[in-house]
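Novice: sequence unknown, structure follows:
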């Protein structure tokens, strides 16, 4: 399941949304709680479920932001920041996910 963007701060780790396995507490994220309520069990956290690497110009156009310095930038709707590398002229977004298993 993909955590909900509003429930997470872009610089927090996926563990913060899940609240598992260390605390064995219900996830703070409502979408992940929905999976659990439907009978899902968290199997694994995936730090890089979807990776998008594009030129900086793409990210500036898509986000309507200007990236003047290399670094990590929060983007609207993103679960994590996009990492901008001006030396290479590339931005990389690596989105996490949570794998669930369901009994039949």
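Specialist: Sure thing, it's come through. It should be emphasised that the depicted structure is a prediction, and the values quoted were computed from it without experimental measurement. Numbers count the residues shown, from 1 in each chain.
Novice: what pairs with the strand of greatest length in the chain, parallel or antiparallel?
Specialist: Looking across the chain with DSSP state E, the single longest strand is strand 41-55. The pairing partners recorded for strand 41-55 under DSSP bridges are strand 90-101 (antiparallel).
Novice: circling back: what's the following helix or strand after the longest strand of the chain?
Specialist: Next helix or strand after strand 41-55 toward the C-terminus (DSSP states H and E): helix 56-63.
Novice: report the angle between that following helix and strand 41-55.
Specialist: 120 degrees (axes from the mean of the first three to the mean of the last three C-alpha atoms, to 10 degrees).
Novice: who touches the helix or strand just after helix 56-63?
Specialist: For helix 56-63, the following helix or strand on the C-terminal side (DSSP H and E) is strand 71-73. Applying C-beta atoms under 8 Å, 6 or more residues apart in numbering, the contact partners of strand 71-73 are 11, 63, 65, 67, 81-84. The C-beta positions use only the backbone N, C-alpha and C, and glycine is treated the same way.
Novice: just give me the closest of those to residue 36.
Specialist: The shortest approach to residue 36 among the contacts of strand 71-73 belongs to residue 11, at 25.1 Å (C-beta to C-beta).
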